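Undergrad: Build me a model:
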Amino acid sequence: MKSIDTLTHLISRLPGIGPRQARRIVFFLLREDDNFLSSFGDEIKGLKKNIKICKESFAYFYSEDSNESLHPIMQDASRENTLMVVEKDTDLESVEKSHLYHGRYFVLGGNLPVVSKDPEKAIRINELKSFIKKYKPTEIILALNANPEGDNTANYLQNELASFGVKISVLGRGFSTGTEIEYSDKETLNSALSNRG
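TA: Sure, this is the predicted structure:
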């Protein structure tokens, strides 16, 4: 049972998966045939092979070119010169799938807990400032989750970025408290973007 326990522990580290769900997933995998398990294992092993992180926006992207360093969105000259700051890549994907926003993104890589002693370790604040200096966006949209950590992060960023003299807006409260951007539908995102301020 050691392999079952070890795999249960590993799966329970995934976001949103508790020990009970992890155990169910392990027993599901035990019932699958060897072809499925082999394909599943190969995909996990090769996950990072052609996935890169953009040197400017810090968003993940797929490329077979080892010299490629910019996300396709960063290379798209037709994008508007606005900047949407998101916590994680799944937020970027949700907004992008909605087709409601046509500017660039920056992935913070986390948020600030309400009691945070070292913001520079929790989020990419210095990298964000460098991005703003380089691209000089006309507007910075803080698209953070509607929870205490997201609000705290937005407040911190507004203070830190004020000196750039760029319009800073936050998503309107089309989101109810506790809502995560990655799970929001197109109508909710549209309302939040339209009512940003």
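Undergrad: Please make it C-alpha for all contacts and neighbour counts, starting now.
TA: Noted.
Undergrad: Over the host helix or strand of residue 133, what's the mean pLDDT, rounded is fine.
TA: Using DSSP states H and E, residue 133 sits within helix 125-135. The predicted model gives helix 125-135 an average pLDDT of 97.
Undergrad: same thing with stretch 11-20?
TA: Here the average pLDDT along stretch 11-20 is 93.
Undergrad: Likewise for stretch 171-182?
TA: Per-residue scores along stretch 171-182 average to 60.
Undergrad: next one: stretch 24-37
TA: 96.
Undergrad: how close does residue 33 sit to residue 44?
TA: Residue 33 sits 17 Å away from residue 44 when distances are taken as CA to CA, to the nearest Å.
Undergrad: picking up where we left off before, what pairs with the very next helix or strand once past the helix holding residue 133, parallel or antiparallel?
TA: Tracing the chain C-terminally past helix 125-135 and defining elements by DSSP H and E, one meets strand 139-143 next. Applying DSSP bridges, strand 139-143 is found paired with strand 82-86 (parallel), strand 167-170 (parallel).
Undergrad: Next, report how far the last one is displaced from the centre of its chain.
TA: Its chain's C-alpha centre lies 19 Å from the corresponding centre of strand 167-170 when counted by CA atoms, centre = their mean, to the nearest Å.
Undergrad: buried set for it?
TA: Buried residues in strand 167-170, counted by 16 or more other CA atoms under 10 Å: 168, 169, 170.
Undergrad: hmm, who's touching it?
TA: For strand 167-170, contacts defined as CA atoms under 8 Å, 6 or more residues apart in numbering pick out 138, 139, 140, 141, 142, 143, 144, 154, 158, 162, 196, 197.
Undergrad: what does the first one give?
TA: Strand 82-86 has contacts (CA under 8 Å, 6+ apart) with 92, 103-108, 137-144.
Undergrad: could you flag which of those are buried?
TA: Buried subset of these (neighbour count, 16+ other CA under 10 Å): 92, 103-108, 137, 139-144.
Undergrad: Do a quick rundown of the helices in this protein.
TA: For the chain, helices defined by DSSP state H occupy the ranges 2-12, 19-31, 34-45, 72-75, 89-98, 119-122, 125-135, 148-161, 186-194.
Undergrad: Present those helices as a markdown table; the columns should include distance to residue 113.
TA: Shown next, in a markdown table, are these (distance: least, CA to CA, whole Å):
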| stretch | distance to residue 113 |
| --- | --- |
| helix 2-12 | 23 |
| helix 19-31 | 25 |
| helix 34-45 | 31 |
| helix 72-75 | 29 |
| helix 89-98 | 18 |
| helix 119-122 | 9 |
| helix 125-135 | 15 |
| helix 148-161 | 5 |
| helix 186-194 | 23 |
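Undergrad: Please save the CA atoms from stretch 146-164 in CSV.
TA: What follows is stretch 146-164, C-alpha atoms only, in CSV (Å, rounded to 0.1, in the frame of the first residue of the first chain):
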residue,chain,number,x,y,z
ALA,A,146,-12.6,39.5,-4.9
ASN,A,147,-11.3,38.3,-1.5
PRO,A,148,-9.3,39.8,1.3
GLU,A,149,-6.0,38.8,-0.2
GLY,A,150,-7.0,40.2,-3.6
ASP,A,151,-8.1,43.5,-2.1
ASN,A,152,-4.9,43.7,-0.1
THR,A,153,-2.8,43.1,-3.2
ALA,A,154,-4.8,45.7,-5.2
ASN,A,155,-4.3,48.3,-2.4
TYR,A,156,-0.6,47.6,-2.2
LEU,A,157,-0.2,47.8,-6.0
GLN,A,158,-2.2,51.1,-6.3
ASN,A,159,0.2,52.6,-3.7
GLU,A,160,3.4,51.2,-5.3
LEU,A,161,2.4,52.1,-8.9
ALA,A,162,1.0,55.6,-8.2
SER,A,163,4.3,57.3,-9.1
PHE,A,164,4.1,56.1,-12.7
